[in-house]
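Participant: My questions are about this predicted structure, shown below with the sequence.
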Amino acid sequence: MLINRWISRAQPLLSQNVRSVHFSSTAASSVCCRRSSPWKSCRSEFSRRFFAASNYNLFSTSTPTRSSSVSAFYIPSFNLFGKGSLNEAANQIKMSGYKKILIVTDPGIIKIGLCDKVKGLLEERGSTVYIYNGVQPNPTVTNVKDGLKLIKEFGCDSIVSIGGGSAHDCAKGIALLATNGGKIADYEGVDKSLKPQLPLVSINTTAGTASEMTRFAIITEETRHIKMSIIDKHTMPCLSVNDPETMYGLPPSLTAATGMDALTHAVEAYVSTAANPITDACALKCMELVGQYLNRAVKNGKDEEAREKMAYAQFLGGMAFNNASLGYVHAMAHQLGGFYNIPHGICNAILLPHVQLFNSKDAGAAARLGDVAAQLGCEEHTAQAAIEKIQKLNEQVGVNPYLKDLGVFEKDFDNLSQNAMKDACGATNPIQPTLDEVKSIFAAAY
């Protein structure tokens, strides 16, 4: 029933004259899985495209001549999934000819030995590898500066990020400044850079942020305690890697937080004013997979099927929001993370039902939230059912439902709300709230 409704909604859009033109960053994106035959057939094409950094991702979605009825679809040129992806990525990096690689990661990845494993794979293939392991959970301007110093000191020709969204976002900031210069704050907003970033390969270890494949980077400005949203065509990695074997050791709390982050991406992209039939398809499948597999992954981190399905889910959510953008869940969550250093996924999980309750005042958004309910397995396909299901899922995976228990203070709501209204992610929310309405949402989640 839902598919039929979706098709009926999509057909009028597709029949309009050039309703939307979808293209990838290099005109034809390739998504390869772990099966050997399709991988071999596209290896030579990948080798030609993946490392042509000077020509990578030169199209813009913000040119003044582009019609408002034309949209762009962004995705990295190449993406690896399944067991063995890590080794295959190392092979492709060798084929690139890069010799001086900076690994960008965090202390947790160092502790579990994954950084050493990747370093060994690259060194076995002839590369010299340096490591920056100072990335914080909410990466900062200082983290970007420190990593950039190493790039310049060692003359690195590429970057490999290992971890979740924090490592990938920090690496994007480093890579962007390595070729464009200036300060990372210069690139806050949409498409502010002029040149492709230093080639970046992102190895994902969580199933939630999708930062390994998006053009979004969130960097915390420590002095102002705000998160800057950098949305830029040049920040997408050349290659993303989702090997579920790197995710088996993820603790339940982090599995839950990143999984709810993935669901938030899908829901916000689906109700976004920039949604289109392609992003809808990605968002709907993401919701379905999260509903089926997140709780399993939280309960048993070594559940191979659940880990693999969640890896696909978060990637689909990334495809959706990378092109349809997000909404006020993220606009508000960014402020909480920047001000209090709360994990991003937790902020999203708490805010998601409250923002969608606000959005349900819009008839179109309410109808779409009914689709969300269907994908999450609810009997009633209504906005209220979707909101209640999200709250129940939070409870099942152990997410604390109240901001007050995370050290948030009511006295900060005014400042948080003002900053949220400046966040670029809020531009595509189905309703543009007033300052008092944003404060009311914070209060409801408190």
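Facilitator: Thanks, I have it.

Participant: chain center to stretch 209-219, what's the gap?
Facilitator: The chain centroid and the centroid of stretch 209-219 are separated by 4 Å under C-alpha atoms, centre = their mean, to the nearest Å.

Participant: Flag every buried residue along that stretch.
Facilitator: For stretch 209-219, the neighbour count (16 or more other C-beta atoms under 10 Å) marks 209, 210, 211, 212, 213, 214, 215, 216, 217, 218, 219 as buried. No exception for glycine: its C-beta is placed from N, CA and C like everyone else's.

Participant: for stretch 431-440, same thing?
Facilitator: 431, 433, 437, 438, 439, 440.

Participant: What of stretch 370-379?
Facilitator: Buried residues in stretch 370-379 (16+ other C-beta under 10 Å): 370, 371, 372, 373, 374, 375, 376, 378.

Participant: Can you give me the buried ones in the longest helix anywhere in the chain?
Facilitator: Looking across the chain with DSSP state H, the single longest helix is helix 277-299. For helix 277-299, burial by neighbour count (16+ other C-beta under 10 Å) applies to 277-298.

Participant: Do a quick rundown of the helices in the stretch 1-150 of the chain.
Facilitator: All helices of the stretch 1-150 of the chain, identified by DSSP state H, counting those that start in this stretch, fall at 2-15, 36-50, 85-96, 107-111, 114-124, 141-154.

Participant: Low-confidence ranges, the protein, go.
Facilitator: When residues are selected by pLDDT under 70, those of the chain lie in 1-68.

Participant: quick check: domain ranges of it?
Facilitator: Following automatic domain parsing, the chain resolves into domains at 24-247, 254-445.

Participant: Which pair in the buried residues of stretch 209-219 has the greatest spatial separation?
Facilitator: The most widely separated members of the buried residues of stretch 209-219, counting by C-beta to C-beta, are 213 and 219 (18.1 Å).

Participant: in what helix or strand does residue 162 lie?
Facilitator: strand 158-163 (DSSP states H and E).

Participant: relative to helix 85-96, how tilted is that strand?
Facilitator: 170 degrees (axes from the mean of the first three to the mean of the last three C-alpha atoms, to 10 degrees).

Participant: which other helices and strands contact strand 158-163?
Facilitator: Taking 3 or more C-beta pairs under 8 Å, 6 or more residues apart in numbering; DSSP states H and E as contact, the helices and strands that strand 158-163 lies on are helix 85-96, strand 100-104, helix 107-111, helix 114-124, helix 165-180, strand 200-204.

Participant: got the buried residues for it?
Facilitator: Here strand 158-163 shows 158, 159, 160, 161, 162, 163 as buried, counting by 16+ other C-beta under 10 Å.

Participant: quick revisit: what would the buried residues of stretch 431-440 look like in JSON lines with distance to residue 245 and secondary structure?
Facilitator: Shown next, in JSON lines, are those (distance: C-beta to C-beta, whole Å; DSSP: H, G, I helix; E, B strand; the rest coil):
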{"residue": "431", "distance to residue 245": "42", "secondary structure": "coil"}
{"residue": "433", "distance to residue 245": "43", "secondary structure": "coil"}
{"residue": "437", "distance to residue 245": "45", "secondary structure": "helix"}
{"residue": "438", "distance to residue 245": "41", "secondary structure": "helix"}
{"residue": "439", "distance to residue 245": "44", "secondary structure": "helix"}
{"residue": "440", "distance to residue 245": "44", "secondary structure": "helix"}
